[in-house]
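Participant: Can you look at this prediction? I've put the sequence above it.
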Amino acid sequence: MKQQGPRPLEVALLASVFVVAACGLVYELAAGALASYVLGDSVLQFSTVIGTYLFAMGLGSWLSRFFERQLPAHFLRIELLVALVGGGLPALLFLAHAWQPDAFRGLLYGLVLLVGMLVGLEIPLVMRILKRNVALRELVSQVLTFDYLGALAVSIAFPLVLVPQLGLIRTGLLFGLMNAGVAFWALWLFRHELRRRAAHALACVLTVGALGAAFAGSQQITSLAEDRFYQDKIILAESSPWQRIVVTQGRAGVRLFLNGNLQFAQSDEYRYHEALVHPAMAAHGAPRKVAVLGGGDGLAVRELLRYPAVESITLVDLDPNITRLFAQDPALVQLNGGSLRSPKVRVVNTDAFQWLQQVDDVFDVIVVDFPDPTNFSIGKLYTNAFYALLEQRLAASGYAVVQTTSPLVARQSFWTVVATIESVGLQAFPYHANVPSFGEWGYILASRRPWRAPEALPPGLRFLTVQGVPALFDFPADMARVPGEVNRLSNQVLVTTYEREWGKVHP
């Protein structure tokens with residue numbers, strides 16, 4: 001007897017499983033990404049969001065036992081709810097962060113619970129509908145196969161295509177529309193079984209209309225939220241696979257934010273970058289070969305190019321979007337003096353940790369200008385493993401300098417970095433400067449030889465003077481050294497210490 005192929009109904013429902021799985025994972029990833037943007041510590045936020053989501057899915061699967069009749073109608077309604085709540089999740093969280101930041105955490109986990117529970121209801125209902133015509137063994141294998149394939153497709157597309165091209169809000173709304181499309185598909189497939197078809201059809205149309213309107217106005221939603229959050233006029237905003245990049249223009253001039261965290265303000269960035277670069281460069285004497293790790297804005301490179309002896313600068317920054325913007329945007333190019341266009345500068349867009357493992361070059365000065373260790377992916381760049389690699393790439397008479405948070409606000413964090421640098425055999429020379437946008441800010445010089453105060457500085461500096469440099473290395477009692485544990489890849493104590501100390505200031 002000839003074996004019959006799958007019926008059109010089965011194919012349609014299995015295709016729906018693929019879409020349902022893809023949509024569910026998108027909502028989970030979007031919630032985790034937003035939590036890490038706003039609350040910091042991406043490992044903790046992703047872990048708690050995923051755990052909450054999986055628990056909610058289990059709860060939804062358990063609740064599916066109470067749905068006994070009119071399964072296609074229940075499936076259609078659940079798809080519409082998932083489309084509205086899941087698709088709107090990123091937009092709702094963005095608006096909550098801007099208008100009611102205290103409510104963000106509660107709303108985040110409430111939405112994750114609701115979406116997870118609804119997604120947990122979907123697959124059991126599909127399986128029970130398919131059970132009418134498919135043997136149990138084939139049913140389970142087919143449904144799980146399509147479920148996992150949908151999750152695989154989204155897990156690849158989310159960081160590489162969806163977020164960079166669409167952003168989180170439009171990505172959520174797009175997949176909400178896909179969920180609504182499954183509801184329309186179910187409306188047609190089960191048109192002979194559904195009661196009150198007109199009401200179901202109207203619900204589908206209204207859901208698609210709401211999501212479509214939100215998608216069309218997604219830029220306005222983003223602008224509304226970000227204008228409220230940043231207050232100054234936003235002149236540039238885009239998302240990369242690694243971060244949300246926002247540049248504003250206001251009374252403090254141009255300001256750069258990454259994932260909502262201020263990186264510099266035009267009004268006082270010269271203080272930060274002069275303090276970062278010149279104590280090491282001027283003390284060296286004649287540095288020819290320099291590396292900058294981080295600092296894709298080109299502002300540290302601008303200061304390095306003040307030294308005629310410099311022959312080459314290698315800038316290593318993970319995000320090509322940052323280096324492209326600061327090499328091409330006229331306002332940003334004016335800010336860094338066109339430093340990234342200099343023939344002396346070579347830009348490498350890669351992970352600095354991996355780059356140090358692979359490169360064979362040795363540098364006279366290495367400038368380390370990473371964001372603060374707000375999560376474990378950045379925290380690895382403050383570990384003894386990283387500084388051991390840094391030591392190998394430093395010339396015998398060379399200096400490295402590391403930007404290192406506030407020794408006043410995050411005192412133990414600052415001295416933890418000092419202890420970590422010393423643990424790899426380098427001498428550490430900590431210092432600090434006042435940058436109004438950040439307050440007292442810390443830096444650490446590292447080398448194999450003693451540091452000596454420079455006898456001369458390049459002309460045209462607005463902050464540093466030869467007489468004033470030694471004072472930067474003097475720490476008052478409230479910033480004096482305290483014991484700090486070495487920050488290792490295996491423990492990353494710095495991330496938890498940093499979060500605890502800054503949390504006291506910004507709860």
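Facilitator: Received the coordinates, thanks. Residues are numbered from 1 along each chain as shown.
Participant: what mean pLDDT does stretch 97-117 have?
Facilitator: The average pLDDT for stretch 97-117 rounds to 87.
Participant: which ones are touching the spatially closest residue to residue 327 that is not a sequence neighbour?
Facilitator: On the basis of CB to CB, 6 or more residues apart in numbering, the spatially nearest residue to residue 327 that is not a chain neighbour turns out to be residue 340, at 4.0 Å. In short, each C-beta sits where N, CA and C put it, glycine included. Shown in contact with residue 340 (CB atoms under 8 Å, 6 or more residues apart in numbering): 298, 301, 315, 323, 326-327, 333, 347.
Participant: Next: residue 408.
Facilitator: 439-440, 478-479.
Participant: Which pair in the contacts of residue 340 has the greatest spatial separation?
Facilitator: 315 and 333 (14.7 Å; CB to CB).
Participant: out of those two, which sits in the more crowded spot?
Facilitator: residue 315 (26 against 17; other CB atoms under 10 Å).
Participant: so that one makes contact with residue 326?
Facilitator: No - judged on CB atoms under 8 Å, residue 315 makes no contact with residue 326 at a distance of 10.1 Å.
Participant: So for these two, which residues contact both of them?
Facilitator: Joint contacts of residue 315 and residue 326 (CB under 8 Å, 6+ apart) are 296, 298, 340.
Participant: phi, psi of the first one?
Facilitator: Meaning residue 296. phi -70, psi -10 (degrees, to the nearest 10).
Participant: Test my guess that it contacts residue 319.
Facilitator: Yes - counting by CB under 8 Å, residue 296 touches residue 319, with 6.3 Å between them.
Participant: And these two? Which one has more around it.
Facilitator: residue 296 (28 against 17).
Participant: Do you have the helices of the stretch 201-350 of the chain handy? List them.
Facilitator: Ranges of helices within the stretch 201-350 of the chain are 218-230, 269-284, 299-304, 320-328, 330-335, based on DSSP state H, counting those that start in this stretch.
Participant: which one of the ones you listed has the lowest average pLDDT?
Facilitator: Going by mean pLDDT, the lowest-scoring of the helices of the stretch 201-350 of the chain is helix 218-230, which has a mean of 74.
Participant: Quick one: residues in contact with that one.
Facilitator: For helix 218-230, the external contacting residues (CB under 8 Å, 6+ apart) are 91, 94-95, 97-99, 167, 169-170, 173, 214, 233-234, 237, 246, 248, 257, 260.
Participant: before we move on, what about stretch 70-82?
Facilitator: Under CB under 8 Å, 6+ apart, the answer for stretch 70-82 is 20, 23-24, 67, 115, 118-119, 121-122, 125-126, 128-129, 176, 179-180, 182-183, 186-187, 189-190, 193-195, 200, 203-204, 207.
Participant: at 7 Å instead, please
Facilitator: If you take CB atoms under 7 Å, 6 or more residues apart in numbering as the criterion, stretch 70-82 is touched by 23, 67, 115, 118-119, 121-122, 125-126, 128-129, 179-180, 182-183, 186-187, 190, 193-195, 200, 203-204, 207.
Participant: Beyond whichever strand or helix holds residue 52, next helix or strand please.
Facilitator: According to DSSP states H and E, residue 52 maps onto helix 42-63. Per DSSP H and E, the first helix or strand lying C-terminal to helix 42-63 is helix 71-99.
Participant: Return the set of buried residues in that following helix.
Facilitator: 71-98 (16 or more other CB atoms under 10 Å).
Participant: next one: stretch 395-415
Facilitator: 395, 398-415.
Participant: repeat for stretch 150-161
Facilitator: 150-151, 154, 158.
Participant: between the residues you listed, which is closest to residue 458?
Facilitator: The closest of the buried residues of stretch 150-161 to residue 458 turns out to be residue 158 (CB to CB; 45.7 Å).
Participant: mind checking how far the closest one is from residue 405?
Facilitator: With distances taken as CB to CB, to the nearest Å, residue 158 is found 31 Å from residue 405.
Participant: Likewise for residue 263?
Facilitator: 13 Å.
Participant: For residue 449, state which of the contacts of residue 408 is nearest.
Facilitator: Among those, and counting by CB to CB, the member closest to residue 449 is residue 479, at 25.4 Å.
Participant: would you list every one of the helices in the stretch 351-500 of the chain?
Facilitator: 352-358, 376-379, 384-392, 411-422, 493-503.
Participant: Need the winner for burial among those helices.
Facilitator: When you average the neighbours per residue for each of those (mean count of other CB atoms under 10 Å), helix 411-422 leads with a mean of 24.
Participant: Tell me the helices and strands packed up against the top helix by length along the chain.
Facilitator: Identified as the longest helix of the chain according to DSSP state H is helix 8-39. Identification of packing neighbours for helix 8-39 by 3 or more CB pairs under 7 Å, 6 or more residues apart in numbering; DSSP states H and E yields helix 42-63, helix 71-99, helix 104-130, helix 136-157, helix 163-189.
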